[in-house]
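K.L.:
fold the following and give me the result.
(3 chains)
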Amino acid sequence: MNFERYNNDIILYQEDFDLDETLDCGQAFRWTKISEKTYCGYFLGNYLEIVQESDRFILRNTSEESMRNIWIKYFDLDTDYGILKQRFSQDKTLEQACRFAGGIRLLRQDPWECLCSFIISQNNNIPRIKGIISRLCSKYDQFPTAQMLSNENEETLQYLRSGFRAKYIVDAAAKISSGIIGFDHISELSYDEAKKKLMLIKGVGPKVADCVLLYGMYRTEAYPVDVWIKRVLENFYPDGMPECTKGYEGIAQQYLFHYIRNNRDILLK
DNA sequence: TTCCAGGCGTATC
DNA sequence: GATACGCATGGA
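P.N.:
Residues are numbered from 1 along each chain as shown, chains lettered A, B, ... in the order given. Next comes the predicted model:
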């Protein structure tokens, strides 16, 4: 890890990292681009302003302590994405995907926020997902905990304009805040069992469960299959994800998702 | 106007 | 277990 303190900032030197590709690729919905090189956003209650100048990053008003305790883990900086990309590149399509956007990293997010966010994401588009989550956070002045949301119901959530998803948010808040379903417990389960457990929540199917496991619980073998990945599988991997992604299918999926969304013409069907 | 968006619940077979 | 359909909302 190559970083240093400079006045109140942290200067980070990091390869295989691009803010546009990582913060605006549909895995997180609370980062905002505030200038050509700068994003601001939150992980839990921690605010960050981060600037990119090629391989040099400035984390504004950040201490070495919060760098070590929060942001290294959040941005998955202890993982060598160069090695991962090299491994993935044994496959031709993945090789192109990694070359197209080599700065994608997996964000290690909060499981509860992921659960809510990806419940909201179903049959929805990214700008509107961001809008709903933004209204949710404005009301509570932060991303509300399951406990906070357990006081809401379908009617009181009307202001979100989240449509049929409101009742799913209510059920998720109830099951998580009551402890009927616990992330600590789920993290000890096998992939299949963990997924099954999450799917007990209304509005959580295979895709949303995989999103929670991958983005919120760092289960890198989980790869969410949405309409785009479905098209990739049909076109290139009829027998499933290639062998070279084993154990890291979720990270490979990140490259593929971004690649296919921006290169729709390579699809034959 | 119609279609579609990082899917899922329900009904039906 | 597979398949068809409706679903809130809003932008294109």
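
K.L.:
could you check the pLDDT of residue A:201?
P.N.:
At residue A:201, the model reports a pLDDT of 98.

K.L.:
contact partners for it?
P.N.:
A:115, A:119, A:168, A:171-172, A:175, A:181 (CB atoms under 8 Å, 6 or more residues apart in numbering). In this view, the C-beta of every residue, glycine as well, is placed from N, C-alpha and C.

K.L.:
same thing with residue A:22?
P.N.:
Residue A:22 neighbours (CB under 8 Å, 6+ apart): A:75, A:103-105, A:107.

K.L.:
now, the contacts of residue A:201 that are in helices?
P.N.:
Those of the contacts of residue A:201 mapping onto helices are A:115, A:119, A:168, A:171-172, A:175, per DSSP state H.

K.L.:
out of these, which is most surrounded?
P.N.:
Among the ones in helices among the contacts of residue A:201, residue A:115 has the most neighbours (other CB atoms under 10 Å), with 29 neighbours.

K.L.:
please list all residues in contact with that one.
P.N.:
By CB under 8 Å, 6+ apart, the contact list for residue A:115 reads A:172, A:176, A:198, A:201, A:204, A:208, A:212, A:216.

K.L.:
what number of residues lie near the nearest residue to residue A:87 once chain neighbours are set aside?
P.N.:
Nearest residue to residue A:87 in three dimensions, chain neighbours excluded: residue A:244, at 5.5 Å (CB to CB, 6 or more residues apart in numbering). Using other CB under 10 Å, residue A:244 is surrounded by 16 other residues.

K.L.:
can you name the residues of chain A that neighbour DNA strand B?
P.N.:
A:25-27, A:121-126, A:128, A:164, A:199, A:202-209, A:224-229, A:253-254, A:257, A:261 (CB under 7 Å from any atom of the strand).

K.L.:
list the contacts for the spatially closest residue to residue A:242 that is not a sequence neighbour?
P.N.:
Leaving aside its chain neighbours, residue A:242 sits nearest to residue A:91 (4.5 Å; criterion: CB to CB, 6+ apart). Residue A:91 is in contact with A:242, A:244-245, counting by CB under 8 Å, 6+ apart.

K.L.:
residue A:58 sits in which helix or strand?
P.N.:
Element membership for residue A:58 (DSSP states H and E) is strand A:56-60.

K.L.:
could you give me the buried positions within that strand?
P.N.:
By 16 or more other CB atoms under 10 Å, the buried positions in strand A:56-60 come out as A:57-59.
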